[in-house]
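[1] I need the structure of the sequence given here:
(chains A, B, C and D)
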There are 4 protein chains.
Amino acid sequence: MLVNQRKLRIEWGQCDPAGIVFYPQYLIIFDTSTGWLFERTGLSPSAMRKKYQIVGLPVVEVGARFVMPCRFDDEVEVESEVSEWGRSSFTVIHRLKRDGQLALDGFEKRVWAGPHPDRSGAIQARPLPAEIIASLSDPTGATTIAIHDSNKPKSEK
Amino acid sequence: MLVNQRKLRIEWGQCDPAGIVFYPQYLIIFDTSTGWLFERTGLSPSAMRKKYQIVGLPVVEVGARFVMPCRFDDEVEVESEVSEWGRSSFTVIHRLKRDGQLALDGFEKRVWAGPHPDRSGAIQARPLPAEIIASLSDPTGATTIAIHDSNKPKSEK
Amino acid sequence: MLVNQRKLRIEWGQCDPAGIVFYPQYLIIFDTSTGWLFERTGLSPSAMRKKYQIVGLPVVEVGARFVMPCRFDDEVEVESEVSEWGRSSFTVIHRLKRDGQLALDGFEKRVWAGPHPDRSGAIQARPLPAEIIASLSDPTGATTIAIHDSNKPKSEK
Amino acid sequence: MLVNQRKLRIEWGQCDPAGIVFYPQYLIIFDTSTGWLFERTGLSPSAMRKKYQIVGLPVVEVGARFVMPCRFDDEVEVESEVSEWGRSSFTVIHRLKRDGQLALDGFEKRVWAGPHPDRSGAIQARPLPAEIIASLSDPTGATTIAIHDSNKPKSEK
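    Residues are numbered from 1 along each chain as shown, chains lettered A, B, ... in the order given. Here you go, the predicted structure:
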């Protein structure tokens, strides 16, 4: 699988009175890390939503294990990759490391979801496009998806 | 003016490594306090949105002064009231007290906003309904707005 | 076990552009719900920290399953209870319901932790006090812990 | 003055059901932007705290004006600089731009604060070091502060 890496600095407002990261903040990091992983397809989030007519990637299950605390000012690295593809769902695993050592790991199981055809405001799982699976399964990251219309992602918003 | 009062307990996740509330958390408290103040009209947020066809009350200006820090486990009281009515904007002031002493105060200037008639996704300021002004200007809180259709707020969502 | 129940209103700032709760916000709700469960011992968080010389209840594992989305203005109920006691760790399970139906459930595995005797800033797992286990295992909630010194919890901060 | 510039991508979890950034999130951006501005002195936050024996830079006043909303996936730029130096306080102004246009601006008035000599847990304003003022007043950013002891910032934590 393609592994996306991000470097982050732990911020003051992410930490609690014990001086360590308040744990729900790590789930916010998971959420944005999944976003950056999916950009490795070559599509920005808004371009991906437009191209495939999806409303998002809602989370149906999440889990994390905390091995070592992180503190304000720590530089950390997040590695994210898809660990499993279902028909319309997939699981992303995240590893957060400090000085090369695992601080925590976790997963998000998400659904590829479009608007429900009948019920306004509701969503419906959709089959994952083969090219999305191919792109994020390629460890080299070379398989990116072309946008077939003439607009650039930024102008689509 | 009608003053709405809320009692809150400062939560662990609202505090920073110095052991005091991370200041943007107070603005989140302002936001929810304005929400509860407007419920004193007798309308839930969703009922108010439906009745007047507004999209929300976007903030155009905010300010706060921090006098005394609050810590995890502190019981605090928030007092909120409209300090000024414009044609389509208004200002809410908030005072947060601990043990009866002022910890911070601040204001939010907001706009009564509906969807823009021409530009999809954009908003447009609308004149404030006289009954909203009357209701939140009545210090006794007795002036509540009736919902004229037969649906209860909860069933409107 | 003792089940603690809280009623909450979903706030505007907890929701995302899809109009539903941004999932890490549920973990913040878990964290505060564990806090309120432990207050059923009769001890405030600061009184508990002082009495037992602990620094907190750090989370070592967390998980959640999302069944049904919640939206701004929804009234929800959270039920929390300890599902398992270890020697120095314990698991709290949380169920969040809307209109009596399960919206999500999850767990937090936490450690009863004091300051490390040798390493400044580090923590060490401690044996859970029998009276804490007894108090939160009593389904009636009648078993509360007396504070033996003359100070009230609020004056201890 | 020295102007620090950061480029950010607006994240999903920073936005509300109206699809725009929930305004307290901008104050979190202010807080981290002040942190990065002060790193232009050449000192990491932990190195600065150690060198000058301060506990932090608590905010005593904040204000912001919102001109134009930002949305998920927007690329924005934040410019931050000190606008005024007091004896022990200072004001940082922030401008957040999207596509070169001002989306919002604001300020934070902060205090250079050390531990109170007599009251445990309390803080006391301290005179701002001349070299900090000099470093952040130099528009070229060339005036950085040397760390005089042999430890590197990262090893001080």
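[2] beta partners for A:Ala80?
    For the record, residue A:80 is Ser, not Ala. On the basis of DSSP bridges, A:Ser80 takes part in beta bridges with A:Asn4, A:His94.
[3] gap between A:Ser80 and C:Arg40?
    As for A:Ser80, its distance to C:Arg40 is 39 Å (criterion: CB to CB, to the nearest Å). Every residue, glycine included, has its C-beta placed from N, CA and C.
[4] residues contacting the residue nearest the centre of chain A?
    Note on chain A: the residue nearest the mean C-alpha position is A:Thr34, at 0.7 Å, using CA atoms, centre = their mean. A:Thr34 sits next to A:Leu57, A:Ser80, A:Val92, A:His94, A:Glu108, A:Arg110 when contact means CB atoms under 8 Å, 6 or more residues apart in numbering or on different chains.
[5] okay, A:Pro45: pLDDT?
    At A:Pro45, the model reports a pLDDT of 89.
[6] which of the contacts of A:Thr34 sit farthest apart?
    Maximum pairwise distance among the contacts of A:Thr34 (CB to CB): 14.2 Å, between A:Leu57 and A:His94.
[7] Show me which residues of chain A sit near chain C.
    For chain A, the residues in contact with chain C (CB under 8 Å from any CB of the partner chain) are A:18-20, A:22-25, A:27-28, A:30-31, A:55-56, A:58-66, A:69, A:121, A:123.
[8] change it to 6 Å
    Listed as neighbours of chain C in chain A under the rule CB under 6 Å from any CB of the partner chain: A:18, A:23-24, A:27-28, A:56, A:59-66.
[9] In strands only, show me these.
    Of the positions in these, A:Val59, A:Val60, A:Glu61, A:Val62, A:Gly63, A:Ala64, A:Arg65, A:Phe66 sit in strands, assigned by DSSP state E.
[10] from the residues of chain A next to chain C, which would you call buried?
    The neighbour-count criterion (16 or more other CB atoms under 10 Å in any protein chain shown) marks A:18, A:23-24, A:27-28, A:56, A:59-64, A:66 among these as buried.
[11] Can you narrow these down to the ones near chain D?
    A:Ile28.
[12] And the helices in chain A, which stretches?
    Ranges of helices in chain A, per DSSP state H, are A:24-39, A:45-52, A:130-137.
[13] State the distance from A:Ile145 to A:Met48.
    Here A:Ile145 is placed at a distance of 9 Å from A:Met48 (CB to CB).
[14] again with A:Ile20
    Here the criterion is CB to CB. By it, A:Ile20 lies 34 Å from A:Met48.
[15] Over to A:Arg98?
    Separation of A:Arg98 from A:Met48 (CB to CB) stands at 31 Å.
[16] The two - which one has more neighbours?
    When A:Arg98 is set against A:Met48 and neighbours are counted by other CB atoms under 10 Å in any protein chain shown, the residue ahead is A:Met48, at 23 against 18.
[17] can you list the residues of chain A next to chain C in CSV and add pLDDT and distance to D:Arg87?
    Listed next are those as CSV, based on pLDDT from 0 to 100; distance: CB to CB, whole Å:
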residue, pLDDT, distance to D:Arg87
A:Ala18, 89, 33
A:Tyr23, 98, 40
A:Pro24, 98, 39
A:Leu27, 98, 42
A:Ile28, 98, 38
A:Gly56, 89, 51
A:Val59, 97, 50
A:Val60, 97, 56
A:Glu61, 98, 55
A:Val62, 98, 49
A:Gly63, 98, 51
A:Ala64, 98, 46
A:Arg65, 98, 49
A:Phe66, 98, 43
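[18] how about the residues you listed, which pair is most distant?
    A:Ala18 and A:Gly56 (33.4 Å).
[19] Just give the number of residues close to A:Thr140.
    By the measure other CB under 10 Å, the count of residues near A:Thr140 is 6.
[20] Skipping its backbone neighbours, what lies nearest it in space?
    A:Leu2 (7.7 Å; CB to CB, 6 or more residues apart in numbering or on different chains).
[21] I'd guessed the one you found sits against A:Ile133; true?
    No. At 10.9 Å, A:Leu2 and A:Ile133 do not qualify as touching, with contact defined as CB atoms under 6 Å.
[22] related to what we said a few turns ago, from the buried ones among the residues of chain A next to chain C, which is closest to chain B?
    For these, the minimum distance to chain B (CB to the nearest CB) is 6.7 Å, reached by A:Pro24.
[23] Quick check: chain neighbours aside, which residue is closest to the closest one?
    C:Leu27 (3.8 Å).
[24] residues contacting A:Cys15?
    A:Val21, A:Phe72, B:Pro17 (CB atoms under 6 Å, 6 or more residues apart in numbering or on different chains).
[25] Report the beta-bridge partner residues of it.
    With beta bridges defined as DSSP bridges, A:Cys15 has these partners: A:Val21.
[26] That one and A:Asp73: what is the separation?
    In this structure, A:Cys15 and A:Asp73 are 9 Å apart, going by CB to CB.
[27] swap in A:Thr91?
    Counting by CB to CB, the gap from A:Thr91 to A:Asp73 is 32 Å.
[28] ditto for A:Arg95
    When distances are taken as CB to CB, A:Arg95 and A:Asp73 turn out to be 21 Å apart.
[29] neighbour-wise, which of those two wins?
    Taking A:Arg95 and A:Asp73 together and counting by other CB under 10 Å, A:Asp73 has the greater number of neighbours (23 against 17).
[30] and that one, what is it in contact with?
    Contacts were defined as CB under 6 Å, 6+ apart; by that measure A:Asp73 touches D:Pro45, D:Ser46.
[31] A:Val55 too?
    Taking CB under 6 Å, 6+ apart, one finds A:Ala113, A:Pro115, A:Ile123 in contact with A:Val55.
[32] Can you report phi and psi for the closest residue to A:Pro115 other than its chain neighbours?
    Excluding the flanking residues, the one nearest A:Pro115 by CB to CB, 6+ apart is A:Val55, at 5.6 Å. Phi and psi for A:Val55, reported as degrees, to the nearest 10, are phi -100, psi -10.
[33] A:Val55 and B:Ala103, how far apart?
    A:Val55 sits 41 Å away from B:Ala103, going by CB to CB.
[34] cool, and A:Ala130?
    A:Ala130 sits 57 Å away from B:Ala103, going by CB to CB.
[35] So those two - more neighbours on which side?
    The residue with more neighbours, out of A:Ala130 and B:Ala103 and counting by other CB under 10 Å, is B:Ala103; that gives 21 against 8.
[36] from what I can see the more buried one touches B:Glu79, true?
    No. Between B:Ala103 and B:Glu79 there is no contact, the gap being 11.7 Å when judged by CB under 6 Å.
[37] where in chain A is pLDDT low?
    Counting by pLDDT under 70, chain A contains low-confidence residues at A:147-157.
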